[in-house]
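J.: just need the structure, nothing else, for what follows:
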Amino acid sequence: QSLQALSFFPLSHTGSLLLAVHFYSLPRAAPLIPSTVLGVLLLILSSLLAYAGIRRSLRNASLFLSLCLTISVFWCGYGVVFILGGQGVLNDRDDFRYALVPGLVTFTVALLIVAVVGFLCREVILAMIASAVSLASAHEVAMHYSTTFTSSAVACNYMIVCLVGGYFALGRILYFLTKEKVALPGTDLAKTKTLEQIKSTSGSTNRFVVTGLILNMLSASVSGCRLLGITGKLFLGQVPWLWAAGIYQIGICILSYRAMDVLMATFFGFTSILKFAGGYCLLYPIWQPEEPSFPTPLLVVFSVLFLVLSLFLALKSPVDGLNLLLYVAYCIALSCSPKGFFESGPQGVDVAIFVASALMTLVHLYNEKASAKIPTGKGAVKTLLARSSFVKLREGADLHAPYLGYSKYADAEVLGYACSVLASFAITMTGDPKAPLATVVIPWVVVAGGILKLLSGSVAFARGKTLESSAFILYAVMWIIWGLTRYGGLYGTTRSFHAVVGIIAFMLFNGFIVFCTLFLNIAWFFYSLTFFLIAVSFLLDALHALPAGYDVAATLIFGLVSFYCFLSALFNSIFEGSCLPMGRPIVQLSGVGGGMTKCLHLPARKASSVKRIADILKSGGTCGIPTDTVYVLVAACNRPDAVEKAHQSKRQAQDRPMSLWISSLKQLEPAKHLFTPLLWDFMEAAWPSPISLVVPRGEWVDFLGMKDSAKYVGTPQSVAIRIPDCSVTTHLIDLVGPIVVTSANPTGEADTTHHNQVYAKLGDKVDAVLCDGPSPENIASTVVDCTKIDSGSIGFFRVGIVPKSQVKFILILFLLP
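T.: The predicted structure is shown next:
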C-alpha cells in the first residue's frame, strides 16, 4: 500500500516544483521553462498521478484517490492550455486568462473541499497538499485580475507542496531505517490502512463518485464563468478543460462499473457526452463563422433519459436523484436554445450544476471518510419498498453475478441501450451538404453511438455475453464510421460506391446477429432487427435516394425498441422479478440454455445446499461442484448408473478417463494392504492438494462399488485419484463417499471456471450445480504418474497449478531420505 502512496509525493513534488520555478521566473522576459515544455511535463505527470490514484483505490483510500485524480485532471487541462499558449494559439493575454480561469476556479473550490474533509478526518498531510494547491489556484486567478497579487504568491504555495512532500519522504525513510519504531506524525500508513480496511468491510462503496462530481463542476465552470462575467467569451482555449473532463469522465464511468455501481456509471457516461459536445461546439470557428445549432428532438430525448435515471437513482439515494434533475433542466434549456451552450439559459443551469456538484462532492467525500454521516436519505426508499408486495429491490452477493465466467465489472447494457436511443434520434437532423457541421450531430453519434457503445460491448464481453458484446461493438463501429462520413462532410456531395459496399457488409454481419438473437430473447431480436432500418437509412443516403421522412420513421422505431431495452435493463438491475421482461428465446434448442431453467441453483455457502447435493448424488444424480481448482462434474461411486450417466453427458473421450476423489485416506483404509508402503506414504504427504496421483489399478477398485461402470474410470492399467484441498468438496465426499470426477465441460473445450459456465456448457445434463462464483484458480490440477514410484521415479501427464519441482520436492523430502 505504501508504494502507491510514496509514488504520489514525488509526482506532486515534481509538478509543484516545476510550477514554482515557472511562477518565480514569470516576471522575466523569458521564463526558465518554456510554456510548451511545461505543458508536456504536466501531461506526463498527470497520467502518472492518475495511475497512482487508481492503483491505490484498490485499497480503499478514498481521500488519497480523490486528491490524486483531482490534481491529475487539473494538470492535464492546465498542461494543454500551456501548450496552446506556447504554440501561439492563444494570441493575447486576455485569451490566456479566459482559457485558464474556468479550470482554476473549479480546482480552487474542489481542492478546498478535499482539504476541509482531510483536516476534519485527520488526514493532515493530504489536507495540507490540497489546501496549498487550492490557494495557489486562487492566487493565480487573483493575479490575472489584479496587479496587487504577484506570481511569487502562487510559487510560494507550490513550494509548500514541495516541503510537505519532503517531510513525508523523511518520515517514511525514518520509519524504514528504524524498523517501524519511529514514525513522524502523519506518515504512518499502517494505522490508516487498518482503519480503511475495517470500513471497507461494511459494504461496497463507489469511491470514484467524488472525482466524477468534480469533473461535472469543471465543465459547468466554463459556461458559468461566462455568464457571471468572469470570462469574456467562450472559445477554443477552454476546450482542454471540457475534453479533459470528458476523457476522465469516461474513465470514471469504467471505474464505476468496476465498483459495481451501474446507475452512477450510466450517469457519468451521460455527462461525458455533454462535455465532448460542449468542447466540439467551441471549435466552430475552425470550419464556419456562425455558432452551431442544436437538434431539439435529441435533447428532449436526452432529458427523458436523465429523468428516468434520476428516478431509479433516487431509490438508492434521494439526494443523488435530485442532483440528476438539474441535468434534466439542462437538456431542456439546451433544447429551448437554438445556439445551445452559447445562450444564457443553459449557462444559468450550469451555475446551478456547479454549486450542486460542489455540495455533493463535500457530502460524498465526508461520508466516505467520517464515522458520522451527513444524511442523504439513503435507505429511506429501500425501507418503504420493503413493505411493498409489488416490487422488491435486488440485493445480496449475486446482484452483479456475471452471466458467464468471472468479471470484475457490473453490467453496462443500460448505457449501451441508452446510447442507441441518443444516436438514433440524432440522425433525425438532415445535414446540409454545403454546411455539414452547422448542426451539432457528430458528438451524439460518435461519442454516444460509438465510443460509449464500444465501452458497453467491452464490459459485456468481460461478463461472458459474447453475442451482446459483438452486437454493441459492431453497431459502435458503424455509428463512428458513418457518423463521421455522413455528418462530418468527409465525402461532400459525391456518393461513393465503396460506401455502399461497406454498408452492405455491415448489414450482412447484422443479419448473422439477428439470426443468433433468435436463441437469446425477443427484445434482443427486435433490437437487432430494427437496426436494419438505421443501416438502410445509411445505404439510401449513400445512394442519394433517401426518402423524405424515412430517418424520422426509422428513428422512432429503433429508438422506441432501444428505450424499452433501456427500461428493462434498469428494472432488472434494481428490482427482482421481471417487471419489464426481455422475453424468452424465439427458438429453443435442446441443451442450449436448458440448464438455466431445469438445473437446481444451490449456493455453496449454505450447509443445507451441500446436504441437498449429497442427497442428489446418493439418488443417482450428477452434479457440478466447485473445487480448489476448476469446476467439475461428479457422481457417487456406489451408483454405477450415475457414473455411466456422467460419462455419457460429458461425451468422455477414451484417452481422457474419469478419476476418483476421496475426502481422506481413511476411505481407502480397508484396501490399504493392496497399496505399496511407499505409494501410501507419498499419498499421505501429497494430499490434500491439487495433485492427482495416477496409481496402478488393482483389486482396491472393487471396494468402491462401481461394478460394471468401473470401466469408465481410469484405464485398464491405472486410475487417477486425489483428495481436493477444498472444505466444501471434502465435506460433500464425507457425506456421499468416494466420487467419480471429470471436468465440467464437453471433451476438448476449456476448463469451467464459474458455475454459470456449467449451465451453459452442460445444460440440463446435470441435475444440480453447487454455486460458488468464480473458481479460485483457472488452472486444473497437476497429474503425476506414480505407477513406477517403487523404483524411485515419477512422471507427469499434466503440469497444472502445482509445478514439477514442488512435487519432486515432496518425494525427495519425505520419502527418499
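J.: who are the contact partners of Val117?
T.: Counting by C-beta atoms under 8 Å, 6 or more residues apart in numbering, Val117 touches 63, 123, 127, 362, 365-366, 369-370. C-beta here means a position set from N, CA and C on the backbone, and glycine is covered the same way.
J.: tell me which of these fall in helices.
T.: 63, 127, 362, 365-366, 369 (DSSP state H).
J.: farthest pair in the residues you listed?
T.: Ala127 and Leu362 (13.8 Å; C-beta to C-beta).
J.: shared neighbours of these two, anything?
T.: The contact sets of Ala127 and Leu362 overlap at 116-117 (C-beta under 8 Å, 6+ apart).
J.: and which of the contacts of Val117 is nearest Ser420?
T.: Nearest to Ser420 among the contacts of Val117, with distances taken as C-beta to C-beta, is Leu365, at 34.2 Å.
J.: state the number of residues packed around that closest one.
T.: 27 (other C-beta atoms under 10 Å).
J.: show the pLDDT at it.
T.: In this prediction, Leu365 carries a pLDDT score of 91.
J.: contacting residues for it?
T.: Contacts of Leu365 by C-beta under 8 Å, 6+ apart are 62-63, 66, 113-114, 117, 210.
J.: kindly report the same for Ile83.
T.: Neighbouring residues of Ile83 by C-beta under 8 Å, 6+ apart: 35-36, 39-40, 43.
J.: please, a ChimeraX command that selects the buried ones among the residues you listed?
T.: Of these, the buried ones go into a single ChimeraX selection, burial set by 16 or more other C-beta atoms under 10 Å:
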select :35,39,40,43
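J.: give the buried residues for stretch 565-581.
T.: 565-575.
J.: okay, the contacts of Val117 in TSV with distance to Pro690 next?
T.: Shown next, in TSV, are the contacts of Val117 (distance: C-beta to C-beta, whole Å):
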residue	distance to Pro690
Leu63	41
Glu123	43
Ala127	48
Leu362	50
Leu365	44
Tyr366	47
Lys369	42
Ala370	45
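J.: against Leu518, how distant is the residue of the chain most remote from its centre?
T.: Distance from the C-alpha centroid of the chain, by C-alpha atoms, centre = their mean, peaks at His673 (56.3 Å). Look at His673 and Leu518: by C-beta to C-beta, to the nearest Å, they are 61 Å apart.
J.: same list (the ones in helices among the contacts of Val117) but as a markdown table, adding distance to Met683.
T.: Shown next, in a markdown table, are the ones in helices among the contacts of Val117 (distance: C-beta to C-beta, whole Å):
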| residue | distance to Met683 |
| --- | --- |
| Leu63 | 53 |
| Ala127 | 60 |
| Leu362 | 63 |
| Leu365 | 57 |
| Tyr366 | 58 |
| Lys369 | 53 |
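J.: list the buried residues of stretch 41-52.
T.: 41-43, 45-46, 48-50, 52.
J.: off-centre distance for that stretch?
T.: Put simply, stretch 41-52 sits 21 Å off its chain's centre (C-alpha atoms, centre = their mean, to the nearest Å).
J.: likewise stretch 510-519?
T.: In terms of C-alpha atoms, centre = their mean, the centre of stretch 510-519 is set 27 Å apart from its chain centre.
J.: and the furthest pair within the contacts of Leu365?
T.: Ser62 and Ile113 (13.0 Å).
J.: end to end, how far does stretch 334-348 reach?
T.: End-to-end distance for stretch 334-348: 11 Å, by C-alpha to C-alpha, to the nearest Å.
J.: in that stretch, what's buried?
T.: Buried-residue list, stretch 334-348, by 16+ other C-beta under 10 Å: 334-335, 337, 340-343, 345-348.
J.: with just CA atoms, put stretch 776-789 into PDB.
T.: What follows is stretch 776-789, C-alpha atoms only, in PDB (Å, rounded to 0.1, in the frame of the first residue of the first chain):
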ATOM      1  CA  PRO A 776     -10.100 -19.700  -7.000                       C
ATOM      2  CA  GLU A 777      -7.800 -20.900  -9.900                       C
ATOM      3  CA  ASN A 778      -8.100 -21.000 -13.600                       C
ATOM      4  CA  ILE A 779      -5.700 -24.000 -14.000                       C
ATOM      5  CA  ALA A 780      -6.500 -27.600 -13.400                       C
ATOM      6  CA  SER A 781      -4.600 -30.000 -11.100                       C
ATOM      7  CA  THR A 782      -1.200 -31.500 -11.800                       C
ATOM      8  CA  VAL A 783      -1.400 -35.200 -12.800                       C
ATOM      9  CA  VAL A 784       1.500 -37.300 -11.600                       C
ATOM     10  CA  ASP A 785       2.300 -40.800 -12.800                       C
ATOM     11  CA  CYS A 786       3.000 -42.900  -9.800                       C
ATOM     12  CA  THR A 787       2.900 -46.300 -11.500                       C
ATOM     13  CA  LYS A 788       6.600 -46.700 -11.100                       C
ATOM     14  CA  ILE A 789       7.100 -44.900  -7.800                       C
END
